[in-house]
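[1] My questions are about this predicted structure, shown below with the sequence.
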Amino acid sequence: MHRRGVGAGAIAKKKLAEAKYKERGTVLAEDQIVQMSKQLETFKSNLEEFASKHKQEIRKNPQFRVQFQEMCATIGVDPLASGKGFWSEMLGVGDFYYELGVQIIEVCLALKHRNGGLITLDELHQRVLKGRGKYAQDVSQDDLVRAIKKLKVMGSGFGMIPVGGSYLVQSVPAELNMDHTVVLQLAEKKGYVTVSEIRGSLKWERERACHVLDHLLKEGLAWLDSQAGAEAQYWLPALFAELTSRDVTPEEANQMTP
Amino acid sequence: MFFRTLTAVNTASTAMSFEWPWQYNFPPFFTLQPNVDTRQKQLAAWCSLVLSYCRHHKLYTVDVMEAQESPVFNNKKIERKLSVEAIQVVFEELRKKGNLEWLDKNKSRCLVMWRRPEEWGKLIYQWVSKNGMNNTVFTLYELSNGDDTDGEEFHGLEDWMLQRSLQALQAEGKAEIITMDDGKGVKFF
């Protein structure tokens, strides 16, 4: 009968085996990584091939563009990350979003005197499309959101406030905290909001509501209407529906530079 | 002398309808804004609205009390009106810009100059030169009501404004106002 290995020799043997297993394990893991990166590489080159094949489609069709962007995101490729390199050269997408960014800034600047630097994504979309003309590539709201995110990274004071399933785009660096954001969300339906409405829906103290509204007045984002009956209404030009379709008249443009 | 008034515009139908700026339907436009920057934008928009409205309806004199009831300052559709105090603020702003002059000390009536005298003078002088009538003498009536000027923008210009414009031209050395038997005349150079 064999003696059970309980001595010092046995312990050493066991340790050795463990080390061997570990080594083997590392090798296996390394193999896997090598294999995976090979796969990823293939995927990447397929994606590149796909991109070059469907270049026109990606540039022309906004839905296609969204899907392509999503595909890129899953493998950690950002076609917008730099102006140079394969992706932007191949697709011209870098240029596309750069151009879009400039157009967004233009629209926001032209309307700043009206809305204090706050605009709905819908209105922005409409105006950018109008500015690009009939024959330019189609642009989706998803494209706008991407372009705005790029502008945000550049520290241009751009930001987006989620409101009722869409966004309010902020082009002027006003300090807006959560309180301001929820009040804007509340104002979204009618274009204005009152102290009672805020107290009713958010269960806030009067002071807190007044504080937020005063701030919106101070930032030039809200206008006061004291002829609305018993209670003052705080109107947001950015959410004033009738404005969305109005072009900036030459007279209005003159008022901007008194 | 015939003055058209702001309220008379209500009934007098005009050939082309006046296009209101977006602010006209924006309720807070009729409340003087507490924020200084916003108020500046608001006043600029009011000035421009008043001038373009007066120009559209060829109005030259405005009575403040009457103005309150005129469609410019009273939007019945959205039930908002600009208060007398706010109207005074708008008018004072227009005065600072050289587009308005008070007719009395109480500031109840004023002249609204949607074109300043120099601008009118320039228009008249252009017409004279274009028609080769330099060195010709006109009576003031001929200029503002004669057949020759029919269709010109200054046709129907009120007498006081016409005189101011000619004075402006005189100051530039482009015209000389002369007194004639039955009134005044002008010679262009």
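    Yep, that arrived.

[2] quick one, longest helix in the chain?
    If you meant another chain, say so; for now it's chain A. Under DSSP state H, the helix in chain A containing the largest number of residues is helix A:8-53.

[3] meant chain B actually
    Longest helix in chain B, counting by DSSP H: helix B:36-56.

[4] helices or strands up against the helix or strand following it?
    Counting by DSSP states H and E, the next helix or strand C-terminal to helix B:36-56 is strand B:61-63. Under the contact criterion of 3 or more C-beta pairs under 8 Å, 6 or more residues apart in numbering or on different chains; DSSP states H and E, strand B:61-63 touches strand B:109-112. Using the backbone N, CA and C atoms, a C-beta is placed for each residue, glycine as well.

[5] what are the pairing partners of the strand it packs on, and which direction each?
    When pairing is defined by DSSP bridges, strand B:109-112 lines up against strand B:61-63 (antiparallel), strand B:100-102 (antiparallel).

[6] Out of those, which is the most enclosed?
    Greatest average neighbour count among the strands paired with strand B:109-112 goes to strand B:61-63 (a mean of 19), per mean count of other C-beta atoms under 10 Å in any protein chain shown.

[7] State the mean pLDDT of it.
    For strand B:61-63, mean pLDDT is 88.

[8] One more: stretch A:130-142?
    Averaging pLDDT along stretch A:130-142 gives 80.

[9] and the closest residue to A:T249 other than its chain neighbours, what is it in contact with?
    If the residues on either side of it in the chain are set aside, A:T249 comes closest to B:P21, at 7.0 Å by C-beta to C-beta, 6 or more residues apart in numbering or on different chains. Going by C-beta atoms under 8 Å, 6 or more residues apart in numbering or on different chains, B:P21 touches A:249, A:251-252, B:45, B:48-49.

[10] In a markdown table: these, plus pLDDT.
    Shown next, in a markdown table, are the contacts of B:P21 (pLDDT from 0 to 100):
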| residue | pLDDT |
| --- | --- |
| A:T249 | 72 |
| A:E251 | 69 |
| A:E252 | 73 |
| B:A45 | 94 |
| B:S48 | 92 |
| B:L49 | 94 |
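
[11] Among these, the buried ones, what's the ChimeraX command?
    The following ChimeraX line selects those of those that are buried, judged by 16 or more other C-beta atoms under 10 Å in any protein chain shown:
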select /A:252 /B:45,48,49
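
[12] what about B:Q88, how many residues close to it?
    Per other C-beta atoms under 10 Å in any protein chain shown, the neighbour tally for B:Q88 reads 13.

[13] Just to check, it is in contact with B:A67?
    No. Using C-beta atoms under 8 Å, B:Q88 is not in contact with B:A67, being 10.1 Å away.

[14] List the buried residues in the longest helix of chain B.
    Buried-residue list, helix B:36-56, by 16+ other C-beta under 10 Å: B:38, B:41-54.

[15] filter those down to the ones close to chain A.
    Among the buried residues of helix B:36-56, the residues within reach of chain A (C-beta under 8 Å from any C-beta of the partner chain) are B:38, B:41-42, B:44-45, B:48, B:52.

[16] Contact partners for A:L224?
    With C-beta under 8 Å, 6+ apart, A:L224 has these contacts: A:217, A:232-235, B:28, B:31, B:33-34.

[17] swap in B:R80?
    Here B:R80 is in contact with A:225, A:227, B:27, B:29-31, B:74 (C-beta under 8 Å, 6+ apart).

[18] Could you report the neighbour count for the nearest residue to it once chain neighbours are set aside?
    Counting by C-beta to C-beta, 6+ apart, the nearest residue to B:R80 once its immediate chain neighbours are dropped is B:F30, at 3.8 Å. B:F30 has 23 neighbours, counted by other C-beta under 10 Å.

[19] And B:F30, how far from B:V90?
    In this view, B:F30 and B:V90 are 11 Å apart by C-beta to C-beta, to the nearest Å.

[20] One more: A:G220?
    According to C-beta to C-beta, A:G220 stands 20 Å off from B:V90.

[21] The closest residue to chain B within the stretch 1-150 of chain A is in what secondary structure piece?
    Residue of the stretch 1-150 of chain A nearest chain B, by C-beta to the nearest C-beta: A:H113 (5.9 Å). Assessed by DSSP H and E, A:H113 sits inside helix A:93-115.

[22] Name the surrounding residues that touch the helix or strand that comes right after that helix.
    For helix A:93-115, the following helix or strand on the C-terminal side (DSSP H and E) is strand A:118-120. Outside strand A:118-120, the residues that touch it by C-beta under 8 Å, 6+ apart are A:107-108, A:111, A:163, A:166-172, A:184, A:221, A:236, A:238-239, A:244.

[23] Buried ones among these?
    Buried by 16+ other C-beta under 10 Å: A:107-108, A:111, A:163, A:167-172, A:184, A:221, A:236, A:238-239, A:244, out of the contacts of strand A:118-120.
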